[in-house]
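Asks: Need a 3D model of the following:
(one chain, ligands or ions: 2)
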Amino acid sequence: MKKLVFVGAGSMAEAMISGIGASGLLPGKQIWATNKQDADRLRILEQRFGITTTYDLGQLFENADAIVLAMKPKDAAIAMEEIKHYLTEGMLVISVLAGVAIEAIEAAAEKSLAVTRAMPNTSAAIGKSATALAVNSHVSDAQRKLVQELFNTIGLTTFVEEYQLDAVTGLSGSGPAYIYYLVEAMEKSAAEIGLEKQTAKQLIIQTLLGAAEMLTQSDKEPAQLRFEVTSPGGTTEAGIKVLEQNGVQSAFVSCIKEATAQSKKLGALLGNELSAVKRPL
Ligand SMILES: NC(=O)C1=CN([C@@H]2O[C@H](COP(=O)(O)OP(=O)(O)OC[C@H]3O[C@@H](n4cnc5c(N)ncnc54)[C@H](O)[C@@H]3O)[C@@H](O)[C@H]2O)C=CC1
Ligand SMILES: O=C(O)[C@@H]1CCC=N1
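Replies: Numbers count the residues shown, from 1 in each chain. Ligands and ions are numbered 1, 2, ... in the order given. A predicted model of the protein is given here:
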């Protein structure tokens, strides 16, 4: 790949640019980006990652191998209207838009295109994204390899059926936020039980890293690992009892289902009838 173009230069684009840049797969200069109107933001990204930015769409799309659609779903219709004439058959379109169907993107572009729908997460910034990918039939084997190589630079990559991407969005696209939410709660409680912020932060982060590593290295189920922390009549048992009384586990299940449902709704922002990708019967 010689030229990768980001249309949209917000948090997700930055996380990807940062990860791809750090991997050395593509020199910064060959990564291009544009946004709606925030020139200061583009300048910051240029300085930070050595990328090229422009508002000249002709220049932006010239000889581009792959285009990443990285605007909010609500802005996708206008953005597609602006860029559709620059999208050509040989280009690979990579959409990170939550909920928006591949067919809706092709319909908005008014042509058949090689499209990959991807759902990464913001841990891409440090090469730790969990990314799921789905491709349409116009994506060649070489493009499939290329897109996998690209997302491998920012973490773990797996291919799924397109209808599964809303679930991926609810689970791992939004997932980092759930973990940060838990950490916020742990930090709040640390303050209330008399621990200094810095000490608590260190302990919380190491606890998370340790638990993640245990989940990776051990072949035990999470429930078994939890059981092993929980001494009868001990502190964990007392704590978890409160979580159970407050329905925290089922609240998490509802949270992920709601986020999944919201992904489906967001898809409707770019072509109502085309956006809902149904599970095959
Ligand atoms: N933030 C996250 O954790 C994740 C976000 N996503 C998806 O990534 C996409 C972007 O999300 P964020 O980066 O969080 O949003 P953001 O609000 O930080 O950035 C959106 C960018 O799109 C630009 N934009 C809007 N209209 C445009 C147009 N017509 N032409 C060019 N640029 C335009 C904005 O100027 C801005 O730079 C969304 O579709 C979201 O569903 C996917 C996975 C994770
Ligand atoms: O909140 C959102 O809509 C985006 C998609 C997944 C994570 N952030």
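Asks: What pLDDT is listed against the nearest residue to residue 153 once chain neighbours are set aside?
Replies: Of all residues not flanking residue 153 in the chain, residue 23 sits nearest, at 3.5 Å (C-beta to C-beta, 6 or more residues apart in numbering). To be clear about C-beta, it is placed using only N, CA and C from the backbone, and glycine gets the same treatment. Residue 23 is assigned a pLDDT of 89 by the prediction.
Asks: number of nearby residues for residue 23?
Replies: By the criterion of other C-beta atoms under 10 Å, residue 23 has 14 neighbours.
Asks: which residues touch the one residue in the stretch 151-281 of the chain that gets nearest to ligand 2?
Replies: Residue nearest to ligand 2 within the stretch 151-281 of the chain: residue 173 (3.3 Å; C-beta to the nearest ligand atom). By C-beta atoms under 8 Å, 6 or more residues apart in numbering, residue 173 lies in contact with 98, 119, 120, 121, 263.
Asks: In a markdown table: those, plus secondary structure, distance to ligand 1 and pLDDT.
Replies: Shown next, in a markdown table, are the contacts of residue 173 (DSSP: H, G, I helix; E, B strand; the rest coil; distance: C-beta to the nearest ligand atom, whole Å; pLDDT from 0 to 100):
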| residue | secondary structure | distance to ligand 1 | pLDDT |
| --- | --- | --- | --- |
| 98 | coil | 3 | 94 |
| 119 | strand | 6 | 98 |
| 120 | coil | 5 | 97 |
| 121 | coil | 5 | 95 |
| 263 | helix | 8 | 94 |
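Asks: So which of the residues you listed is surrounded by the most neighbours?
Replies: In terms of neighbours by other C-beta under 10 Å, the contacts of residue 173 top out with residue 119 at 28 neighbours.
Asks: which residues does it form a beta bridge with?
Replies: Bridge pairing for residue 119 (DSSP bridges) gives the partners residue 132.
Asks: Surely it and residue 170 touch.
Replies: No: taking contacts as C-beta atoms under 8 Å, residue 119 lies outside contact range of residue 170: 9.7 Å.
Asks: Touching, residue 263 and residue 99? I think so.
Replies: Yes: checked against C-beta under 8 Å, the pair residue 263 and residue 99 is within contact range at 4.2 Å.
Asks: intersection of neighbour lists for the two?
Replies: Taking C-beta under 8 Å, 6+ apart as the criterion, residue 263 and residue 99 both touch 166, 169.
Asks: distance of residue 99 from residue 63?
Replies: Per C-beta to C-beta, to the nearest Å, residue 99 is found 31 Å from residue 63.
Asks: Look at the two and report which has more neighbours.
Replies: residue 99 (27 against 10).
Asks: Could I get the contacting residues of that one?
Replies: Residue 99 neighbours (C-beta under 8 Å, 6+ apart): 73, 166, 169, 262, 263, 264, 265, 266, 267, 268, 269, 275.
Asks: beta partners of residue 6?
Replies: Taking DSSP bridges as the rule, residue 6 bridges to residue 33, residue 68.
Asks: Now do it, the pLDDT please.
Replies: At residue 6, pLDDT is 98.
Asks: That one reaches residue 68, doesn't it?
Replies: Yes: Residue 6 lies in contact with residue 68 (C-beta under 8 Å); the separation is 4.8 Å.
Asks: tell me, what's touching these two both at once?
Replies: Common neighbours of residue 6 and residue 68 are listed as 13, 16 (criterion: C-beta under 8 Å, 6+ apart).
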